[in-house]
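Chemist: this one's sequence-less:
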């Protein structure tokens, strides 16, 4: 019988850490949580000291980046796999996570049994991605291969982010964009943050300038 997968949990929310601890406690023979951290520095200290099989980490750690932490951990502890556990169901985050060296990307809606199964697969050397996201990534790749892509796809924008950018260029406010796309304003803000990052800008004026300069929208 294989020994339990040794896991370190990293999330900036104490409640999430407690919930994961409780969820995984029911699978003690298959998974063992050996440490937890709320900040990147503490995570690096724990991982270098404990050398777990897997680090389960969020994409965002307050002001810190889980992606940066992943790059750091894969460099410092090559035998440890990093798996992202996030609320962001954006395939671009998956691409970035895999480029950063991650062994997987799962969504926080995963149940306990599925999470344990995925952790075991990663510990055995497999790469795991939430099935819904994997399907969308395959569909996006197929569209790109057929030349059926939306403005900004080559910069990594999702179709929804491209729609938000077009409305930004048209001069709509966040509230007006939310009404047009039947989204909440918070969701619009989330899409804006993502497209700013992908266009390497920091505000809406700069995003519009990039969109116009590169001919994405007129």
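Modeler: Perfect, thanks for sending it. Bear in mind that the values here come from a model prediction, so they are computed numbers and not experimental data. Numbers count the residues shown, from 1 in each chain.

Chemist: And the residue nearest to residue 150 when sequence neighbours are not counted, how far from residue 169?
Modeler: Using CB to CB, 6 or more residues apart in numbering and skipping residues adjacent in sequence, the residue nearest residue 150 is residue 162, 4.4 Å away. In short, each C-beta sits where N, CA and C put it, glycine included. Distance from residue 162 to residue 169, counting by CB to CB, to the nearest Å: 11 Å.

Chemist: Likewise for residue 56?
Modeler: Residue 56 is 39 Å from residue 169, by CB to CB.

Chemist: Those two - which one has more neighbours?
Modeler: residue 56 (27 against 18; other CB atoms under 10 Å).

Chemist: Which secondary structure element is home to the more buried one?
Modeler: According to DSSP states H and E, residue 56 maps onto strand 54-57.

Chemist: I'd like the next helix or strand past that strand.
Modeler: Downstream of strand 54-57, the next assigned helix or strand under DSSP H and E is strand 60-61.

Chemist: before we move on, back to that, touching, the residue nearest to residue 150 and residue 154? I think so.
Modeler: No: assessed by CB atoms under 8 Å, residue 162 is found out of contact with residue 154, at 10.7 Å.

Chemist: re the thing from before, which residues do residue 162 and residue 169 both contact?
Modeler: Jointly contacting residue 162 and residue 169 under the rule CB atoms under 8 Å, 6 or more residues apart in numbering are residue 216.

Chemist: returning to that earlier point: give me the neighbour count for the residue nearest to residue 150.
Modeler: By other CB under 10 Å, 20 other residues sit near residue 162.

Chemist: Helices of this protein, start to end?
Modeler: 14-25, 40-50, 66-76, 91-99, 112-123, 131-145, 159-169, 174-181, 185-199, 204-213 (DSSP state H).
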